[in-house]
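Novice: no sequence for this one, just the structure:
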């Protein structure tokens, strides 16, 4: 799903219409970041769990 949004944003960013181009680039960037976060949600959760465990061990 995010790849479709990224592609649409990229297509809009390729236009020569300044506002459409800027908004399209922003949509593409946010969609890419969101896609990466979704794909790596398990790793992100694991990292936060490890961080929480380290913080708990300080007390």
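Specialist: Yes, it's here. Small disclaimer: the values here were computed from a predicted structure and weren't measured. Numbering: from 1, shown residues only.

Novice: Name the helix or strand for the residue most central in space within the chain, please.
Specialist: Among the residues of the chain, the one closest to the centroid is residue 33, at 1.4 Å (Cα atoms, centre = their mean). Assessed by DSSP states H and E, residue 33 sits inside helix 18-39.

Novice: what's next to that helix, contact-wise?
Specialist: With contacts defined as Cβ atoms under 8 Å, 6 or more residues apart in numbering, helix 18-39 is touched by 2-3, 5-6, 8-15, 44. To be clear about C-beta, it is placed using only N, CA and C from the backbone, and glycine gets the same treatment.

Novice: on that earlier part again, against residue 56, how distant is the residue nearest to the centre of the chain?
Specialist: Separation of residue 33 from residue 56 (Cβ to Cβ, to the nearest Å) stands at 30 Å.

Novice: pLDDT weak spots in this structure?
Specialist: Regions of the chain meeting the criterion pLDDT under 70 are absent.

Novice: can you name the two of the contacts of helix 18-39 that are farthest apart?
Specialist: Spatially, the most separated pair among these is 15 and 44, at 34.0 Å (Cβ to Cβ).

Novice: How about stretch 31-47, which residues are buried there?
Specialist: Across stretch 31-47, burial judged by 16 or more other Cβ atoms under 10 Å covers 31-32.

Novice: Fine by me, we can end here.
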